[in-house]
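*Asks:* Generate a structure from the sequence data that follows.
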Amino acid sequence: MKKDTPKIPFTSYQKFVIFILAVTLFSVMLDFMVMSPLGDMLMKSLSMKPSQFGLAVSAYAFSAGISGLLTAGFADRFDRKKLLLFFYIGFIIGTVLCSLATTYPLLIAARVITGLFGGVIGSISMAIVTDLFDIHHRGRVMGFIQMAFGASQVLGIPISIYIANHWGWQAPFVMVAVLAAIVWVLIMLKMQPVTRHLALQGNRNAFSHLFHTISKKNYRVAFSATALLSIGGFMMMPFSSAFSINNLHITAAQLPTLFMVSGVSSLVIMPIIGKFSDKVDKFKLFAIASLWMMIMVVIYTHLSVTPLWLVIVLNVLMMMGIMSRMVPSQALMTGIPDMQDRGAFMSINSSLQQISGGVAAAVAGMIVVQKDKFSPLEHYSTLGYVMVGISAVGIFLLYRVSVVVKKKLQEKVV
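*Replies:* I've put the predicted structure just below:
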């Protein structure tokens, strides 16, 4: 990568796009991530076993993955703004249905509907970013957009837990739906059409476009890396609140503080890593962050009863590794597809990410055991070791992605 690329200021419209996409992803991530901190409450309220809760989390992920694959062939044949609006309104409807669910089967059905629409939004957003920003400045953009992850922890999750403690676990979904409705209106009124890619499509139909995208070797390398990174990165998350409460003896009242501090650390780290990833080799940054994450995961998953301050410190150190590998890996992924394939590539990539996350949640639900509602989780440390093994393979696969991206950049220079 170029180390002397000048820092070009973003235009006011580019800043708006970064902001609105970040808020959009914030709402989608919050809807998905809120299942984790609400996990202990849901498992007790609906009398779910860990395996059932794992399925409730996976239901969103699997439906999101299937939706992404089904729409991949069409993703480059429409204005990306219109696609974003269509899937975002479906996501809002699904989130409202989640708030109305009163039984475990209804919750599963609502999560499936939400996933069918919400799972595609991330890929559309990444395609828009790739169309509007060149590879040398995407690290900065990704750093800000990925702040949605940290913001969902700083603001969304603590507030969600607070209102859930007062008005029930359904209340956070109402909050997400209201926020998303406001963002949908802003996108409709303020965002310009994103249509440059349409001129490059030719006469391929949706299915041939999908097959064309899957058939490219370089794309398949990226897809494999995404699958491994998603499985390795998501196994601990569904049971984080249950582990904190039942194993570490963090109280329900202390849980918002734990998530908020972790989220604040993410908000600080993400922009720094984003700028840094535009100046240094993105793969080296990813590899260092992955090794750090692997060490902290092993330490964290072996904890027993621990003081809140120490849990916070270790959680922040672990989040540093997790967050610091997200930005460079996402930036590298955007350098793989050609412009005419970006929508399809991002849709398939997002689908694999979602499906892999669903597999991780389901497998985690089978590994983790809880004798009753209030007993400690057993075999949580096993998840840590599995994450380490998968993350090690992920480093190798992202190295191959890095090689492909560097080769493409050299060819452009030539």
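*Asks:* Could I get the average pLDDT for stretch 250-263?
*Replies:* Averaging pLDDT along stretch 250-263 gives 81.
*Asks:* I misspoke; the intended subject was stretch 89-107.
*Replies:* Averaging pLDDT along stretch 89-107 gives 89.
*Asks:* Would you mark the buried spots in that stretch?
*Replies:* Within stretch 89-107, the residues scored as buried using 16 or more other CB atoms under 10 Å are 90-92, 94-99, 101, 104, 107. From N, CA and C alone the C-beta is placed, and that goes for glycine too.
*Asks:* what does it contact?
*Replies:* Here stretch 89-107 makes contact (CB atoms under 8 Å, 6 or more residues apart in numbering) with 28, 31, 42, 46, 48, 52, 56, 109-111, 113-118, 121, 170-171, 173-174, 176-177, 180-181, 184.
*Asks:* which helices and strands does the top helix by length along the chain pack with?
*Replies:* Counting by DSSP state H, the longest helix found in the chain is helix 380-413. Applying 3 or more CB pairs under 8 Å, 6 or more residues apart in numbering; DSSP states H and E, one finds that helix 380-413 makes contact with helix 217-234, helix 282-301, helix 308-334, helix 342-367.
*Asks:* Pull the distance from it to the chain's centre.
*Replies:* Put simply, helix 380-413 sits 17 Å off its chain's centre (CA atoms, centre = their mean, to the nearest Å).
*Asks:* Of the contacts of stretch 89-107, keep whichever come out buried.
*Replies:* Neighbour counting over the contacts of stretch 89-107 (16+ other CB under 10 Å) leaves 28, 31, 42, 46, 48, 56, 109-111, 113-118, 121, 170-171, 173-174, 176-177, 180, 184 as the buried ones.
*Asks:* Please flag which of those residues sit within strands.
*Replies:* Using DSSP state E, no member of those sits in strands.
*Asks:* okay, the buried residues of stretch 89-107 in JSON lines with secondary structure and distance to Val311 next?
*Replies:* Listed next are those as JSON lines, based on DSSP: H, G, I helix; E, B strand; the rest coil; distance: CB to CB, whole Å:
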{"residue": "Gly90", "secondary structure": "helix", "distance to Val311": "38"}
{"residue": "Phe91", "secondary structure": "helix", "distance to Val311": "33"}
{"residue": "Ile92", "secondary structure": "helix", "distance to Val311": "35"}
{"residue": "Gly94", "secondary structure": "helix", "distance to Val311": "33"}
{"residue": "Thr95", "secondary structure": "helix", "distance to Val311": "30"}
{"residue": "Val96", "secondary structure": "helix", "distance to Val311": "34"}
{"residue": "Leu97", "secondary structure": "helix", "distance to Val311": "34"}
{"residue": "Cys98", "secondary structure": "helix", "distance to Val311": "29"}
{"residue": "Ser99", "secondary structure": "helix", "distance to Val311": "30"}
{"residue": "Ala101", "secondary structure": "coil", "distance to Val311": "31"}
{"residue": "Tyr104", "secondary structure": "helix", "distance to Val311": "30"}
{"residue": "Leu107", "secondary structure": "helix", "distance to Val311": "29"}
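*Asks:* out of the residues you listed, which one sits closest to Met188?
*Replies:* Distances from Met188 to these, taken as CB to CB, are shortest for Ile92 (12.6 Å).
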